[in-house]
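Peer 1: What shape does this take:
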Amino acid sequence: MVSSFNGEIFYYWAVSLDNFQNRSQLSIGLLSKFEIVANLTFFRCFLFGFFTLFNFLYFCLVVFEIDNIELNFGENKILKAVYLKAETGKITGIFGRNGSGKSSLMRIIFGSLKPKNKLFRIDGKVFSKNPYRSGIVKFLPQNNFLPNNFLLAEIFEIFQVDWAEFRFLFDTFSKYEHYKINELSGGEIRLVQAYLITKSQAELLLLDEPFSHISPIHIEKLKKIILQEKQKKAIIATDHLFREILEIADDLYLLKEGFSHRIVSEENLQFHGYLR
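Peer 2: Here you go, the predicted structure:
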C-alpha cells in the first residue's frame, strides 16, 4: 500500500508539515533539496510503519460465526438453534449444564461431528470446507490425545511448540524431558495438552475444559498464556470452573434447552438459572 503513494503526495505532505510548524510564510521555492529529501524520507518511514500496523490490525482480524446449528441424537434434540461468534483478539466463553451440548458444539465447529444443520462463516463468507482439515482450527478435547509411548520433549517437537519456553514457564517439568507421557500425572498431561493447543499456529482455538485437573498455580499461569495468545487468535473456551472462564472471557454464551443465549453480566446467568 505504501508504494501506491507517489512522489507528488509525499511532496505535498512535506510542504504541509512545514506549514504546520508555523512556516507558512516560507515559499516552497525556498525549501532546500536537503529538506525535501529529509521530509520525504521521514514520511516514507512514517507511512510504512503506519500501514504495516494498519494491515496487521485490519487484515489479521478474523470473525468466525457458527449459525443455525441443529443436533439430534436419535429422538433427543441436543441443539435446536445455536448461534456463536468468535473473533481475533477475544475469548468467547460458553456456559451450560452437563448435557447441554457444549462439547458437541465444540466438535461441530472443529468438524469432527456432523450435525443436522449448520452454517459456518468466516468474515461473513460461508466456509464449506472441513475446518480441522483446512488447518484453521485446533481443538482441545476432554480426553487425552497424546500418544503414551512418546517422550515429552518429542511431543513438543511434533507439535512444533517450543519446549524450552514451556520448561521455563513451568520449571517443575524440566525433570520430565525424557519421561514418556504415561509417566506423568493426569493434571500434568492436561497442562501439556492445553499448552500445546494454545500455542499452536491455528487462527481459532477450541478449549474444552482447559483447566480441568490442573493445579491452581498452573491454572493462573495458563490463563495468562491464553490471554497473551488471544491477541492473534480467536478462542472459544468452556470449563466447569466457570469463574476461571468469567475472568478471562470477553464474550459469553449460555446453552440452555438447545438454544444459545448471549450473556452480558453475571446477573444474566442467575436469570437463566445457571447460577443461584
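
Peer 1: and the nearest residue to L205 once chain neighbours are set aside, what element?
Peer 2: Spatial nearest neighbour of L205, excluding adjacent residues (CB to CB, 6 or more residues apart in numbering): I235 at 4.6 Å. Backbone N, C-alpha and C define where each C-beta goes, glycine included. Using DSSP states H and E, I235 sits in strand 234-238.

Peer 1: And that strand, what does it pack against?
Peer 2: strand 76-87, strand 91-96, helix 102-110, strand 204-208, helix 216-229, helix 242-248 (3 or more CB pairs under 8 Å, 6 or more residues apart in numbering; DSSP states H and E).

Peer 1: what's in contact with it?
Peer 2: 62-64, 84, 86-96, 102-103, 106, 109, 203-210, 226, 229, 245, 248-249 (CB atoms under 8 Å, 6 or more residues apart in numbering).

Peer 1: Report the buried members of those residues.
Peer 2: For the contacts of strand 234-238, a burial check counting by 16 or more other CB atoms under 10 Å picks out 62, 64, 84, 86-88, 90-96, 102-103, 106, 109, 203-210, 226, 229, 245, 248-249.

Peer 1: all helices of the stretch 51-200 of the chain, in order?
Peer 2: Using DSSP state H, counting those that start in this stretch, the helices of the stretch 51-200 of the chain run over 102-110, 131-134, 152-158, 163-169, 186-198.

Peer 1: Could you tell me the least trusted of these?
Peer 2: Confidence, taken as mean pLDDT, is least for helix 131-134 of these (a mean of 87).

Peer 1: Which elements pack onto it?
Peer 2: helix 102-110, strand 137-140.

Peer 1: Where does pLDDT dip in the stretch 1-150 of the chain?
Peer 2: 1-60 (pLDDT under 70).

Peer 1: try the stretch 151-276 of the chain
Peer 2: In the stretch 151-276 of the chain, no residues with pLDDT under 70.

Peer 1: contacts for stretch 173-189?
Peer 2: Contacts of stretch 173-189 (CB under 8 Å, 6+ apart): 144, 146-153, 155, 163, 166-167, 192, 213-215, 218.

Peer 1: how about that stretch: buried residues?
Peer 2: Quick answer for stretch 173-189 (16+ other CB under 10 Å): 173, 176, 180-181, 184, 188-189.

Peer 1: In stretch 146-164, which residues are buried?
Peer 2: Of the residues in stretch 146-164, those buried (16+ other CB under 10 Å) are 146, 152-156, 159, 161, 163.

Peer 1: got the contact list for it?
Peer 2: 166, 173, 176-182, 184, 189, 192-193, 195-196, 199-201.

Peer 1: follow-up on the earlier one: adding distance to F127, write the helices and strands packed on helix 131-134 out as CSV.
Peer 2: Formatted as CSV, these follow (distance: least, CB to CB, whole Å):
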stretch, distance to F127
helix 102-110, 11
strand 137-140, 10
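
Peer 1: Just tell me which of these ends up closest to G273.
Peer 2: helix 102-110 (16.1 Å; CB to CB).

Peer 1: what about stretch 105-121, distance to the chain center?
Peer 2: 18 Å (CA atoms, centre = their mean, to the nearest Å).

Peer 1: beta partners of the closest residue to R121 other than its chain neighbours?
Peer 2: Residue nearest to R121 in three dimensions, not counting chain neighbours: E65, with 4.4 Å by CB to CB, 6+ apart. Beta bridges link E65 to K85, R121, judged by DSSP bridges.

Peer 1: OK, contacts around E65?
Peer 2: Contacts for E65 (CB under 8 Å, 6+ apart) come out as 83-85, 119-122, 124.

Peer 1: how does it look with 10 Å?
Peer 2: 83-87, 119-124, 126-127 (CB atoms under 10 Å, 6 or more residues apart in numbering).

Peer 1: I'd like to know which of these are buried.
Peer 2: 84-87, 120, 122, 127.

Peer 1: could I get those as a markdown table with distance to F259?
Peer 2: Supplementary listing: the buried ones among the contacts of E65 in a markdown table, determined by distance: CB to CB, whole Å:
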| residue | distance to F259 |
| --- | --- |
| L84 | 12 |
| K85 | 15 |
| A86 | 18 |
| E87 | 22 |
| F120 | 18 |
| I122 | 23 |
| F127 | 23 |
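
Peer 1: just those residues now: which is nearest K77?
Peer 2: L84 (17.6 Å).

Peer 1: pretty sure the closest one contacts I94?
Peer 2: Yes: L84 is within contact range of I94, at 7.5 Å (criterion: CB atoms under 10 Å).
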